[in-house]
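Chemist: just to be clear, the model below is a prediction. Sequence and coordinates:
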Amino acid sequence: MTIPPTDIAAGMELPAQDTAWRIEIIDTLRLSWPMALTQLGQIAMMTTDLMLLGRLGDQVVAATALAHTVLFAAFCVGMGIVQAVAPLASQAYGARQPRIVRRAVRVGLWAALMIGVPLTALQLWGRDILVALGQTREAAELAGAYLDGLAWCLVPAWAFLALRNFMGAVNRPEPALWITLVAIPANLVLAYALIYGVFGLPELGLLGAGIATTLVNIGMCAIAIWVCYAHHPFKKYRVLGRFWRADWALFAKLMEIGAPTSGTFLLEFGVFAAAALLMGMIGTTALAAHQIALQTAAIMFMVPFGISLAATVRVGHAAGRRDAGAVRRAGLVAIGLGTIFMAAVTLLVALTRHAIPYAFLGTSTAGVAEVAALASTLLVLGMSFFIADGVQTVANGALRGLNDTRVPLLFSGISFWGIGFPTCYALAFWAGWGAIGVWIGLSLALSVYAGLLIWRFYALSQEGYLPELPPGA
């Protein structure tokens, strides 16, 4: 019996395709796990601060939420721009252009300095900003004390992020993880000492927690610079070489990709900041419960965010090689992995929802039972919230690998402010559902956003879209 050539080709194509998908899953997992653990380490430092400060009472927890609201509004501006180092460096790496990799890191560090200085100064006006947004003078003073120490972490945190993106782009994200793992206990000890005044250090309360975080971020940045300067394979790129040499063409490309990303982060964070302000209007209990539930969501979010960073790198590498099929595989594999993880961990949170709030509040602070009860309710309501949040960040990461950041900015405006915030407000105040209504609105916004981003990546990958390579590549 003679087998037609077309059948032979078909029979050979399927195993080859299966192998390609299997390899993509393995490579994405290999790249994702250190990135995800690094993200978990970053949030662990914030969570440590919250747990230590939570022993001072629910008013301090609420003030911490307000301080983070002000800080992250500024942080998102620089984070989106510096995040553009990842697609630029990844595409250059895929195209075998090491000089462009170095230039991408350099302009990312430029951005951290140029944007960080004025935004650091803005944080010192946090008290007045919060009062203007309707918060009480007492809550604003507590939050302002935290910001006085925390404000100075912006530039070193962004510089560390730029260097992390470079490490990931060259398939070596592990050093950023080791640096973060060392930073976690350092932050715990230093924050504890400065909050409560032990080991001969002054008792500074909220200010001490902020100072500790800033000092640890400076240390992380310094170590990352040393690693990139002195160790293989990073030192061959000479990332600090000709640091002051003008590179406006690539800087403009960084801004072209990064500014819409910053806008997306701001719109997304803005709706969460607005939700925190709505919670503050509802009451201190609602705000404290919201912060606990949101911090739990943030911890969960770090793993899919790590997968999204890997998606940017994998898609960027494939785009640099001009391989449209590999672009599609990389993005879809990452989205699938993010969905599976978030579904599993969401179930775990739902099963342990009554215990989680006490990890933040302890058992002896005033009003703990009421805050814990509301927080556990929000954690159940957040099941669709958690899954959609994980999926949208991975899909966003895949699109960043294609330099596609403007359309996601439009989608975020529609989802968060056209749908999400009006629903939050209407359900919280008009329907009288309070904190529960706010979380239903957030869940709806994230679900719409995730659906739009998946559709966008699927459409681009079906068309075989490939971005322009960085200038000079």
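Modeler: Okay, I see it.

Chemist: quick check: next helix or strand after the worst-scoring helix or strand of the chain on mean pLDDT?
Modeler: Ranking every helix and strand in the chain by mean pLDDT, DSSP states H and E puts helix 5-54 at the bottom, with a mean of 75. The element immediately downstream of helix 5-54 (helix or strand, assigned by DSSP states H and E) is helix 58-83.

Chemist: and the direction of that next one versus that of helix 5-54, what angle?
Modeler: 140 degrees (axes from the mean of the first three to the mean of the last three CA atoms, to 10 degrees).

Chemist: OK, contacts around the residue nearest to Arg242 when sequence neighbours are not counted?
Modeler: Closest residue in space to Arg242, ignoring its immediate chain neighbours: Arg106 at 7.6 Å, by CB to CB, 6 or more residues apart in numbering. (C-beta placed from N, C-alpha, C; glycine too.) Arg106 is in contact with 239-240, 242-243, 245, 247, counting by CB atoms under 8 Å, 6 or more residues apart in numbering.

Chemist: most neighbours among these, which one?
Modeler: Val239 (23 neighbours; other CB atoms under 10 Å).

Chemist: from the contact counts, what lies against the least confident helix or strand of the chain?
Modeler: helix 58-83, helix 154-169, helix 174-196, helix 206-230, helix 284-320, helix 324-351, helix 356-361 (3 or more CB pairs under 8 Å, 6 or more residues apart in numbering; DSSP states H and E).

Chemist: redo those as a markdown table? Include mean pLDDT, distance to Gln462 and mean neighbour count.
Modeler: Putting the helices and strands packed on helix 5-54 into a markdown table (pLDDT from 0 to 100; distance: least, CB to CB, whole Å; neighbours: other CB atoms under 10 Å) gives the following:
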| stretch | mean pLDDT | distance to Gln462 | mean neighbour count |
| --- | --- | --- | --- |
| helix 58-83 | 85 | 26 | 24 |
| helix 154-169 | 95 | 26 | 26 |
| helix 174-196 | 93 | 34 | 19 |
| helix 206-230 | 93 | 38 | 21 |
| helix 284-320 | 91 | 15 | 27 |
| helix 324-351 | 95 | 8 | 19 |
| helix 356-361 | 83 | 41 | 21 |
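
Chemist: wait, which of the ones you listed is closest to Pro422?
Modeler: Evaluated with CB to CB, the helices and strands packed on helix 5-54 place helix 284-320 nearest to Pro422, the distance being 18.4 Å.

Chemist: quick one: the spatially most central residue of the chain from Ala298, how far?
Modeler: Centroid check for the chain by CA atoms, centre = their mean gives Phe305 as the closest residue, at 5.8 Å. Using CB to CB, to the nearest Å, we find Phe305 at a distance of 9 Å from Ala298.

Chemist: and what of Trp158?
Modeler: 19 Å.

Chemist: need the contact list for the closest residue to Tyr458 other than its chain neighbours.
Modeler: Once flanking residues are discounted, Tyr458 sits nearest to Leu332: 7.9 Å by CB to CB, 6+ apart. Applying CB under 8 Å, 6+ apart, we find Leu332 in contact with 457-458, 461.

Chemist: now the residues you listed as JSON lines including distance to Ala36?
Modeler: Shown next, in JSON lines, are the contacts of Leu332 (distance: CB to CB, whole Å):
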{"residue": "Phe457", "distance to Ala36": "20"}
{"residue": "Tyr458", "distance to Ala36": "24"}
{"residue": "Ser461", "distance to Ala36": "23"}
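
Chemist: buried subset of these as a ChimeraX selection?
Modeler: Of those, the buried ones go into a single ChimeraX selection, burial set by 16 or more other CB atoms under 10 Å:
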select :457,461
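
Chemist: closest one of the contacts of Leu332 to Ala286?
Modeler: Of these, the one sitting nearest to Ala286 (CB to CB) turns out to be Phe457, at 36.2 Å.

Chemist: what is the rounded mean pLDDT of the helix or strand hosting the closest one?
Modeler: Remark: Phe457 resides in helix 435-463, with elements defined by DSSP H and E. For helix 435-463, mean pLDDT is 96.

Chemist: on contacts alone, who are the packing partners of it?
Modeler: Using 3+ CB pairs under 8 Å, 6+ apart: helix 435-463 touches helix 248-282, helix 284-320, helix 324-351, helix 368-381, helix 383-400, helix 406-412, helix 421-425.

Chemist: change it to 6 Å
Modeler: Helix 435-463 sits against helix 248-282, helix 383-400, helix 406-412, helix 421-425, with contacts defined as 3 or more CB pairs under 6 Å, 6 or more residues apart in numbering; DSSP states H and E.

Chemist: ranking the ones you listed by mean pLDDT, which is last?
Modeler: Note on the helices and strands packed on helix 435-463: helix 248-282 shows the lowest mean pLDDT, a mean of 91.

Chemist: tilt between that helix and helix 284-320?
Modeler: With the same axes, to 10 degrees defining the directions, helix 248-282 sits at 160 degrees from helix 284-320.

Chemist: who does helix 248-282 touch, helix- and strand-wise?
Modeler: helix 58-83, helix 98-123, helix 284-320, helix 406-412, helix 421-425, helix 435-463.

Chemist: so for that helix, what gets flagged as buried?
Modeler: Those would be 250-251, 253-254, 257-280, 282, for helix 248-282 by 16+ other CB under 10 Å.

Chemist: same thing with stretch 419-435?
Modeler: Quick answer for stretch 419-435 (16+ other CB under 10 Å): 419-421, 423-425, 427-428, 433-435.

Chemist: which one of those residues is nearest to Phe360?
Modeler: Taking CB to CB as the measure, Phe360 lies nearest Ala435 of these, at 16.0 Å.

Chemist: can you tell me the closest non-neighbouring residue to the closest one?
Modeler: Ala286 (4.3 Å).

Chemist: any idea how far the closest residue to Val345 other than its chain neighbours is from Val349?
Modeler: Of all residues not flanking Val345 in the chain, Met300 sits nearest, at 5.4 Å (CB to CB, 6+ apart). According to CB to CB, Met300 stands 7 Å off from Val349.
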